[in-house]
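Any chance you could fold what I've pasted below:
(2 chains)
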Amino acid sequence: MFRFLIKRVLLGVSTLFAISVTVFALFFMGPADPAASMCGTKQCTPVQHERITTFLELDRPPHEQYASYMRGIFVGRTIGGDSPDAIECPAPCLGINFRTYEQVSTVIGRTMPITFSIVLGGAVLYVLIGTGLGMLSAIKRGSIFDRIASGTALTFASTQIFFIGSVLLLVFVYQTDLLPLPKYVPFTESPLGWLGGMIVPWIALGLINSAQYARLSRAQMIETLSEDFVRTARAKGLAIAPIYFRHALRAAVTPIVTIAGLDIGGQLGGVAITETTFSLNGMGRTAVRAIDEANLPVVMGIVLFSAMFLVLSTIIVDILYSVIDPRVKLGTSGGH
Amino acid sequence: MRKTVKALALGAIATSLVLTAACSANKGTDQEKDTAKEQNFIVDYKGDVKGPRAEVAGAKTGGTITILKAACFEHLDPQQIYVSDALSYGPLVHRSLTGYVETGVEGEPMKLVGDLATNAGTTTDNGKTWTYTLRDNIKFEDGTAITSKDVAYGIARSFGQFGVQGPQFLQAALDAKFGAEGGYAGPSTGDLKVPGVTTPDDKTIKFEFATPQVALPYWLAFPTSTPVPAAKDTKEKYDFEFVSSGPYKRAELVPDTRIVFEKNPAWDPNSDPIRKQYVDKFVFDCTTDAKTQTDRMSAANGPDAAAIMTGNVPPDQIPVVKGNAELMKRVGSAPNQYVYYLNINTTRVTDVDVRRALNYAFDRDAYLKAVGGYDIANPASTITSPVNPAYLEFDAYPSKSDNHGDIDKAMKLLEGKTVPTLTLCTANTAVNQKVAAVLQESFKRANITVTPKFIPSGDYYTTVGRKGIDCDLITSAWGQDWADGQSVLGVLMDGAQIKAEGNNNYSYFNDAAVVAKLKELREMADRGAAQKGYGELEKQIMEQHAPLIPLRYGRTFGIYGPNVGNTFLNQFSQFDLLAAYVK
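Next up is the predicted model:
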């Protein structure tokens, strides 16, 4: 297990390194001139432009900027060089927002709980509903319930979050006031307020994403139920519930954990469309705006942070495999 | 006023500032008619306007107004403010030396008055030296008296790193080396002495310029002149930690998310002729895009009944809103500060009759439909927006009644002439591609062939701003920086300002008589009186030289809640809140 972890962490670090280099390179290959957009006037003189360029360290070669950026993450740095207006950015310094001078770590600290609340709450809903529906459909295979559940799941899976979200908002929030307006209230401030503010995005995410889990778990369950060990269990006269839940579900759930891990890991990097639909300024929406403004430090910070979560989630999924399925052993050359 | 980077890419609407509806005439065939009215503009040099601001009939105190915004203010650091939303709502917390009184009452002129100062400015040498005296009992939110040194410190900040995004007119006029090596670079350098600014005592601040600067009262209405206590200047953090001098102060500020202003008890209404303090709280919800704003304002449930939207209703939602008669009672719709042009490069299209013919041949109806319809734009016939006090209503090249132009007149002007193929330069955007097709069709009717040349948006104005550019027709847009004809004609039609690069005069129009007249108007000390002259000059320019085709006036279309009292579209095309109340 320890060897496995070390290997995966090293792989994750090299992935993050590759991503950071790529984002930096893309930024410098693009035509963006952040200094020009910061020099907020038609009368911007070359000297003013140069001052801003120097202040933001944009005049240094890309590799130096990159090195400075990476150093800042571990030991902090001073942005603005010799300028009397230089800004201290303590570790972990992910740079400053070019437009507001706010530290990127502060931006991430503010937007991350919003994205996490949306994603994790939504995930609980869609994994539970999806897997539950899928299992029941498999058990009642061919029944009316199975057909209705499969049809409904397919219908919701065919829609988009901006459509379902807009309908939910229009009908249940704006027109009838039955559900509360989506907004982010920190859990520590008011658990009920947090729940109320997130319920509509969760429902929307649950409706759309539960479909694939329902279909996947149904297929897995049907396959598992036809396996020899299930038949043996039945032949031995084991009760139905332990057969389904202790034996069949456990075997069927492995691919679901894989998909859920990747889904959640990816979504933690920002669910821009969901955040936009529900007017929540999480990491995704913030990243989109930063890209629009050629605000490299914000883009870099969010991309690295998101990638970190994806890497982490894959490691967690691998660990979960061994817990769920004893046949999988980590750190060996394949289980049996 | 600078717009967003995106907007910059779309047009040289890079800067602007406007006056509230002076007059407009919607010439759309089936559109609602805007009220056309003459609106005078008054600059209160004498200090007749004093605090408190007159009570609003029926106004109540208390309640909360919610402001729905797609994003939070780019800046609330006063010296960094230059965007219309912050110029509209920043004055709730920031006062400046001068400011505007707007009432939204039809026929009542807008006034440029003393805000912290007792008047709009006193000059005895035609604008070279100006003196301002501060009003009594003006205080920061902590109860400390505001002195002229705090005002001077604020102005000093505007020269430094944390002032680069604000307007730069005052700084450039005060310091000949501004923006160059050796120029004053702000208080962080340890030097608090702003060139040309002195504070003989705590109540007086003086400005001295090398040449007359009659626009100073306008420049000081920007928050460039908002006082900042030096001891509380937190530099880059001042955006979030500003010290209030207005009737409200910061109660909560979550960047990119939510801002709450609450009453500032240190503010004395008797010292302020511009603002009231009816509302308990203003809550800025900075996460709602225009579509969501429209949906929420249409339903106006709960707190949204006392809310306003700051975006425009998206074009696809306008028909739904217009179909609801009750909702339309809560709609604010008026031309805004932006005017869009097709400039005719006068150095290449030298025959004035060809330029006139192009004006006649332009199919305004097809153009307006291509850019989104009459609800988001008004047909234009002038260089100056109807919201500017210099606006004079005229149409030098009237269309036939169908608004498709007058091809007969165009053909007559072109008789016996051969017009070479004209190159149309425009930024490469989806809308401009449609516009280019409309323009090609328009001029083809007069046997003029146009070839479009699409330039990447990010480089567009840099490219067409180069003298000698090989474009015959150039699209552009402009909004004035301050409410004065100088900020439009003085920029767009002054041939004396043409340089090698960075031009705003995309017609490259240079006429000696016009240059002389603009100089005369520019130097008139009484700006209220100068405005009429700009209108007359503009008419003369269009009739005699036809250097451009006015394409359209931008148009604002927003909704406010049923419980918001005394709001109207202000000079920045935002719902005014300086004397609003909750019903």
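
ok but B:G99 is inside a strand, no?
Yes: B:G99: assigned to a strand according to DSSP: H, G, I helix; E, B strand; the rest coil.

what is it paired to in the beta sheet?
For B:G99, the beta-bridge partners are B:V113 (DSSP bridges).

What distance do you get for it to B:S245?
Distance, B:G99 to B:S245, using CB to CB, to the nearest Å: 12 Å. To be clear about C-beta, it is placed using only N, CA and C from the backbone, and glycine gets the same treatment.

Low-confidence stretches in the chain?
I'll assume chain A. A:1, A:28-32, A:37-44, A:270, A:325-336 (pLDDT under 70).

that's the wrong chain, I wanted chain B
Across chain B, residues meeting the criterion (pLDDT under 70) sit at B:1-40, B:458.

mind giving me the domain ranges of it?
As recorded under automatic domain parsing, the domains making up chain B are B:40-284+B:560-582, B:334-556.

Please produce JSON lines containing those, extended by mean neighbour count.
Output for these, formatted as JSON lines (neighbours: other CB atoms under 10 Å in any protein chain shown):
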{"stretch": "domain B:40-284+B:560-582", "mean neighbour count": "20"}
{"stretch": "domain B:334-556", "mean neighbour count": "20"}
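
between those, which gets nearest to A:Q65?
Closest approach to A:Q65 among the domains of chain B is made by domain B:40-284+B:560-582 (19.1 Å; CB to CB).

need the residues of the stretch 151-300 of chain A near chain B, please.
Contact residues (CB under 8 Å from any CB of the partner chain) of the stretch 151-300 of chain A with chain B: A:169-170, A:174-175, A:177, A:184, A:276, A:279-281, A:286, A:289, A:292-294.

ranges for the helices of the stretch 101-250 of chain B?
All helices of the stretch 101-250 of chain B, identified by DSSP state H, counting those that start in this stretch, fall at B:148-157, B:169-174, B:216-219, B:238-241.

for the stretch 101-250 of chain A, same thing?
Ranges of helices in the stretch 101-250 of chain A, per DSSP H, counting those that start in this stretch, are A:104-139, A:144-157, A:161-168, A:191-225, A:228-235, A:240-241, A:249-252.

Using JSON lines, lay out those helices together with mean neighbour count.
Compiled in JSON lines, the helices of the stretch 101-250 of chain A are given as follows (neighbours: other CB under 10 Å):
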{"stretch": "helix A:104-139", "mean neighbour count": "21"}
{"stretch": "helix A:144-157", "mean neighbour count": "15"}
{"stretch": "helix A:161-168", "mean neighbour count": "18"}
{"stretch": "helix A:191-225", "mean neighbour count": "21"}
{"stretch": "helix A:228-235", "mean neighbour count": "12"}
{"stretch": "helix A:240-241", "mean neighbour count": "9"}
{"stretch": "helix A:249-252", "mean neighbour count": "19"}
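
Could you save these as JSON lines and add columns showing distance to B:Q80?
Listed next are the helices of the stretch 101-250 of chain A as JSON lines, based on distance: least, CB to CB, whole Å:
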{"stretch": "helix A:104-139", "distance to B:Q80": "18"}
{"stretch": "helix A:144-157", "distance to B:Q80": "46"}
{"stretch": "helix A:161-168", "distance to B:Q80": "34"}
{"stretch": "helix A:191-225", "distance to B:Q80": "31"}
{"stretch": "helix A:228-235", "distance to B:Q80": "68"}
{"stretch": "helix A:240-241", "distance to B:Q80": "66"}
{"stretch": "helix A:249-252", "distance to B:Q80": "58"}
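
how about those helices, which one is nearest B:K281?
Closest among the helices of the stretch 101-250 of chain A, using CB to CB: helix A:191-225, at 18.2 Å.

Now B:A370. Nearest residue, chain neighbours left out?
Nearest residue to B:A370, sequence neighbours excluded (CB to CB, 6 or more residues apart in numbering or on different chains): B:K434, at 4.3 Å.

Test my guess that that neighbour contacts B:G372.
No: B:K434 sits out of contact with B:G372 when judged by CB atoms under 8 Å, with a separation of 9.8 Å.
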